[in-house]
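**Student:** Mind folding the following:
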Amino acid sequence: MRAKMTPTFTSSRMREMFDSVFRCTVEMLKYLDAGDTDQILEVKELMAKLNTDVIATCAFGIDCNTFENPDGRFRQMGKRFFNLKWWQKIMQMLVFFAPKIVWYSRISMLGKEMNDFFYGIVRDAINYRKENGVVRKDFLQILIQMMKEDEEIGKKDKSEAPPDDGTRLTMMQLAAQVFVFFIAGFETSSTTASFALYELALNPDVQKTLTDEIDDILAKHDGKITYDSLGEMTYLTKVIEETLRKYPPLPVLFRICTKDYILPDTNIKIEKDTPVMIPVYGIQRDPDIYPNPNKFDPERFTPENKAARHHFAYLPFGEGPRICIGSRFGMMQTKLGLATFLSKYEVSVCDKTLIPMEYDKRSFVLTSNGGLWLKLKRRSK
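**Tutor:** Numbers count the residues shown, from 1 in each chain. Have a look, this model is predicted:
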């Protein structure tokens, strides 16, 4: 399945989906422009609305406009997944530590309503496109094409067709991939973008350097944010990378050891099939790797500084054969959301801003306790 999905996230595919993501950022600006010149907002919810629209558009082909309809079903389902009931949280942990129990019990971690909602949305979207000849440049269309190719292979003479070994994309597998794209895409990107704005509010000198870069590059591109102009915003990339270092959305990675392994310079043996927890947050706040780790410093991610560190000292997307398959898309939507926002607005702290940061201990994803409140002001150029 991973081999099938990898071509979905090439640079050419990102370019094709760029316009869909950009339209969502335009709706965000309309929403902000309708408010006061100076306003205090919970930026995590702002970015969650934006990225809900982005994923709904790119994964499901649906324009849900969460800014006009904040109580829409997509936003409700996104909130529900990250506010699971106690028994669902137990199931969530079992998925990582005892997957065979979950498999044999056939108990759904999501519940019937959420399962039916996402499966129904995908099924109806696919049927609509087939019946009406609709073709869109999005994630769902790529999966539809994959499923179509698998169906054609299955119709061939059995002597020519490869065996059905479970690698063919079924409707259920397609729906599952779209669901993972939704869950993994909107929450992690929302968390990253909101923490980036939080750090920019605490570090106005960094914010000034970033907005100057955005202004300069947009001036060269007739004031328009395009796929190419976004790629030129190197300081923005460094800001996001430093945000992901300080605030990795997944503070712990779960893996399974594939063969017996002795830890270097020790007699500690990790046996095959042992579940392994990798402390991403701890590694990325290690002062031996990142001096003064609590300081927000985008210059840690110059090419020279990155080359001087061990490659696996930076793990917000994981690494190796199980690295996040959608990292390119995640970076694109986060960069586009921040560039669009900062081209028009600046942020600063207010009385409700959490200083120092406090984390929600009940959340699976690294998130602030009580939201991220900042003061927004329209920029005057």
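**Student:** Pull up the per-residue confidence for Lys100.
**Tutor:** At Lys100, the pLDDT value in this model is 81.
**Student:** try the one 4 residues further on
**Tutor:** Confidence per residue is given as pLDDT, and for Tyr104 that number is 82.
**Student:** who does the strand or helix carrying it touch, helix- and strand-wise?
**Tutor:** Per DSSP states H and E, Tyr104 falls inside helix 99-105. Counting by 3 or more C-beta pairs under 8 Å, 6 or more residues apart in numbering; DSSP states H and E, the packing neighbours recorded for helix 99-105 are helix 86-97. C-beta here means a position set from N, CA and C on the backbone, and glycine is covered the same way.
**Student:** Any chance you could list what contacts the helix it packs on?
**Tutor:** Outside helix 86-97, the residues that touch it by C-beta atoms under 8 Å, 6 or more residues apart in numbering are 84, 101-102, 107, 109-111, 254, 275, 364.
**Student:** Those residues: which two are farthest apart?
**Tutor:** Largest separation among the contacts of helix 86-97 by C-beta to C-beta: Gly111 and Pro275, giving 25.2 Å.
**Student:** More neighbours: which of these two?
**Tutor:** Gly111 (17 against 12; other C-beta atoms under 10 Å).
**Student:** how far away is the more buried one from Ile225?
**Tutor:** Distance of Gly111 to Ile225, computed by C-beta to C-beta, to the nearest Å: 39 Å.
**Student:** same question, Asn83
**Tutor:** From Asn83 across to Ile225, the span is 33 Å (C-beta to C-beta).
**Student:** Compare the two and say which one has the larger neighbour count.
**Tutor:** Ranked by neighbour count (other C-beta under 10 Å), Asn83 and Ile225 place Ile225 first, with 21 against 11.
**Student:** tell me which element that one is part of?
**Tutor:** In this structure, Ile225 sits in neither a helix nor a strand according to DSSP H and E.
**Student:** all strands in the chain, in order from the N-terminus.
**Tutor:** Using DSSP state E, the strands of the chain run over residues 38-42, 252-256, 261-262, 269-270, 275-279, 345-348, 373-378.
**Student:** Which among the ones you listed is found nearest to Phe18?
**Tutor:** Among the strands of the chain, strand 345-348 comes nearest to Phe18, with 21.6 Å by C-beta to C-beta.
**Student:** that older thread, let's have the strands of the chain in TSV, adding distance to Ile217 and mean pLDDT.
**Tutor:** Listed next are these as TSV, based on distance: least, C-beta to C-beta, whole Å; pLDDT from 0 to 100:
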stretch	distance to Ile217	mean pLDDT
strand 38-42	26	92
strand 252-256	34	90
strand 261-262	46	96
strand 269-270	47	96
strand 275-279	36	92
strand 345-348	17	97
strand 373-378	20	96
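**Student:** Among these, which comes closest to Phe139?
**Tutor:** Per C-beta to C-beta, nearest to Phe139 of these: strand 252-256, 23.9 Å.
**Student:** in that closest one, what's buried?
**Tutor:** Residues Leu253 are the ones in strand 252-256 that count as buried (16 or more other C-beta atoms under 10 Å).
**Student:** low-confidence ranges in this protein?
**Tutor:** By pLDDT under 70, the low-scoring segments of the chain are 82, 84, 88, 153-167, 381.
**Student:** Which single helix of it contains the most residues?
**Tutor:** helix 171-202 (DSSP state H).
**Student:** Identify the residues contacting stretch 25-32?
**Tutor:** Residues contacting stretch 25-32 (C-beta under 8 Å, 6+ apart): 39, 46, 49-50, 53, 65, 67-68, 225, 336-337, 340-341, 344-345, 376.
**Student:** which of the residues in that stretch are buried?
**Tutor:** In stretch 25-32, counting by 16+ other C-beta under 10 Å, buried: 25, 27-28, 31-32.
**Student:** Give me the distance between it and the centre of its chain.
**Tutor:** In terms of C-alpha atoms, centre = their mean, to the nearest Å, the centre of stretch 25-32 is found 20 Å from the chain centre.
**Student:** Could you measure from Glu42 over to Lys375?
**Tutor:** 12 Å.
**Student:** Ser194 now?
**Tutor:** 14 Å.
**Student:** For these two, indicate the residue with more neighbours.
**Tutor:** Applying other C-beta under 10 Å to Ser194 and Lys375 shows that Ser194 carries more neighbours, namely 24 against 17.
**Student:** Please list all residues in contact with the residue nearest to that one when sequence neighbours are not counted.
**Tutor:** Leaving out its chain neighbours, the residue that sits closest to Ser194 by C-beta to C-beta, 6 or more residues apart in numbering is Lys44, at 4.1 Å. Listed by C-beta under 8 Å, 6+ apart, the contact set of Lys44 reads 190-191, 194, 367-368, 371-372.
**Student:** ditto for Met277
**Tutor:** By C-beta under 8 Å, 6+ apart, the contact set of Met277 is 252-254.
**Student:** same check, this time on Pro204
**Tutor:** So Pro204 contacts Ser348 (C-beta under 8 Å, 6+ apart).
**Student:** How many residues are close by Gly337?
**Tutor:** Burial of Gly337 is recorded as 27 neighbouring residues (other C-beta under 10 Å).
**Student:** Sorry, slip of the keys, the one I care about is Phe22.
**Tutor:** 19.
**Student:** how near is it to Leu29?
**Tutor:** Look at Phe22 and Leu29: by C-beta to C-beta, they are 11 Å apart.
**Student:** Once you drop chain neighbours, what's closest to Cys324?
**Tutor:** Phe317 (3.9 Å).
**Student:** I'd assumed Ile325 was in contact with that neighbour.
**Tutor:** No: using C-beta atoms under 8 Å, Phe317 is not in contact with Ile325, being 9.2 Å away.
**Student:** got the residue ranges for the helices in the stretch 251-381 of the chain?
**Tutor:** Applying DSSP state H, counting those that start in this stretch to the stretch 251-381 of the chain gives helices spanning 280-284, 303-308, 327-342.
**Student:** Can you pull up the most central residue in this protein?
**Tutor:** Geometric centre of the chain, nearest residue: Gly185, 3.3 Å, by C-alpha atoms, centre = their mean.
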